[in-house]
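Colleague: Can you look at this prediction? I've put the sequence above it.
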Amino acid sequence: MYLKSVTILREQFPKKNRDYPFTIPSLAKIDTIEFPRNVTFFVGENGSGKSTLLEAIAYQCEFNTGSGGRNNYYHVDRGEAAFGDYIRLSWLPKMTQGFFLRAESFYQFASHVDETARLALRPYEAYGGKSLHEQSHGEAFLALFTHRFGKKGIYLLDEPEAALSPARQLSLLAVMRRLEREGGSQFIIATHSPILLGYPGAQILSFDSAPLREIAYEETDHYQITRRFLENRQRFLTELFDEV
C-alpha cells in the first residue's frame, strides 16, 4: 500500500457561501479516511461525494484530472477538482507513478494520446499498439489497464464499468489481482458495479452514510438489488411496475 490516509482540511474551508462540495453529507463529519488495504471501493448514489473525493486525490497526486498521469498535459472542461485543495494525503512510501481514469472524459484522453503519438518513436506501445480511437470503448479501456498500468503504482478509477461488459469487468479484476500480487499496486475505485465490488478482501466505503463508513459487500445496494432481481426477476418487476 502507498496511500495510507486522506485528511479533510476543514479549517481551510471557505468561511462564507459554502456550496457543493463543502456541503456533502458523507464528508461533513469525518476528519480522516484510512486505506488499510490495497483495493478500496467508493460506493453511493450520484452526488454522494465519491467522485469528488476521488478527483481530489488525483489532483493531490498531480495526475491529470480529466484522465491521465503526471505527464499527460491537456485540458478538459470540468476537469478541475473543486475539493483538491482541501485534503492532505499521507503516504508510506510516497508513490508518484499511477493514473486517474474518468470514464466520462476518456474520449478526450484518447485524442490527447493521438496528439502526443505523432512525436513518439513507439507511439502506442503503452496502449496495445494502436490508437485508442481505433478500438472499441471496452477494448480501449482494457488496453489501458493491461499495457499502461505498471506493477507499482496507484490507480484511481471513476466508474470504469461504464465501458465494460460483465466479461470485461472480470478481466479488469484479473488485471487488478495480477498488479496487486506482482508489485503491490493500489486501487481506489468509484463504482456501481456489483461485479467489481466482489474483489476479495477489498475495503468498501459507503458515501450514502453521513459520515461515510466501511460496509460489507453483502450490505451494498448493488449486491442486494442485483441478487433480488436475479433470484426472482418476475416478482421484482411486478412489484416495481405496481409502484408506477
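Modeller: Sure thing, it's come through. Numbers count the residues shown, from 1 in each chain.
Colleague: Can you show me the strands along the protein?
Modeller: All strands of the chain, identified by DSSP state E, fall at 3-8, 32-34, 39-43, 87-91, 98-102, 154-158, 186-190, 203-206, 213-215.
Colleague: Quick one: closest of those strands to residue 230.
Modeller: Taking CB to CB, strand 39-43 is the member of these nearest to residue 230, at 19.0 Å. Where you see a C-beta, it was placed from the backbone N, CA and C, and this is true even at glycine.
Colleague: And the closest one, what's buried?
Modeller: Neighbour counts over strand 39-43 (16 or more other CB atoms under 10 Å) mark 39-43 as buried.
Colleague: could I get those as JSON lines with pLDDT?
Modeller: Listed next are those as JSON lines, based on pLDDT from 0 to 100:
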{"residue": "39", "pLDDT": "98"}
{"residue": "40", "pLDDT": "98"}
{"residue": "41", "pLDDT": "98"}
{"residue": "42", "pLDDT": "98"}
{"residue": "43", "pLDDT": "98"}
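Colleague: Show me which of those is closest to residue 179.
Modeller: residue 39 (10.2 Å).
Colleague: what's across from the closest one in the sheet?
Modeller: Beta-bridge partners for residue 39, by DSSP bridges, are residue 187.
Colleague: isn't it right up against residue 204?
Modeller: No: assessed by CB atoms under 8 Å, residue 39 is found out of contact with residue 204, at 9.5 Å.
Colleague: and residue 93, what is it in contact with?
Modeller: residue 2 (CB atoms under 8 Å, 6 or more residues apart in numbering).
Colleague: Output the lengthiest helix in the chain as CSV, nothing but the C-alphas.
Modeller: The helix that spans the most residues within the chain, counting by DSSP state H, is helix 166-183. Presented in CSV, the C-alpha positions along helix 166-183 are these (Å, rounded to 0.1, in the frame of the first residue of the first chain):
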residue,chain,number,x,y,z
PRO,A,166,-19.6,-8.1,-17.5
ALA,A,167,-17.0,-10.3,-19.0
ARG,A,168,-14.6,-7.4,-19.4
GLN,A,169,-15.3,-6.3,-15.8
LEU,A,170,-14.0,-9.8,-14.8
SER,A,171,-10.9,-9.1,-17.0
LEU,A,172,-10.3,-5.9,-15.1
LEU,A,173,-10.5,-7.9,-11.8
ALA,A,174,-7.8,-10.2,-13.1
VAL,A,175,-5.6,-7.3,-14.1
MET,A,176,-6.0,-5.8,-10.7
ARG,A,177,-5.2,-9.1,-9.0
ARG,A,178,-2.0,-9.5,-11.0
LEU,A,179,-0.8,-6.0,-10.4
GLU,A,180,-1.6,-6.2,-6.7
ARG,A,181,0.3,-9.5,-6.3
GLU,A,182,3.3,-8.7,-8.5
GLY,A,183,4.0,-5.2,-7.3
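Colleague: Now that helix: buried residues?
Modeller: Of all the residues in helix 166-183, those buried under the rule 16+ other CB under 10 Å are 168-169, 171-173, 175-176, 179-180.
Colleague: Just give me the closest of those to residue 99.
Modeller: residue 179 (11.4 Å).
Colleague: Please name the residues that touch the residue nearest the centre of the chain.
Modeller: For the chain, residue 157 is the residue whose C-alpha lies nearest the centre (CA atoms, centre = their mean; 2.5 Å). Residues near residue 157 by CB under 8 Å, 6+ apart: 100-101, 187-191.
Colleague: So it versus residue 54, what's the distance?
Modeller: 8 Å (CB to CB, to the nearest Å).
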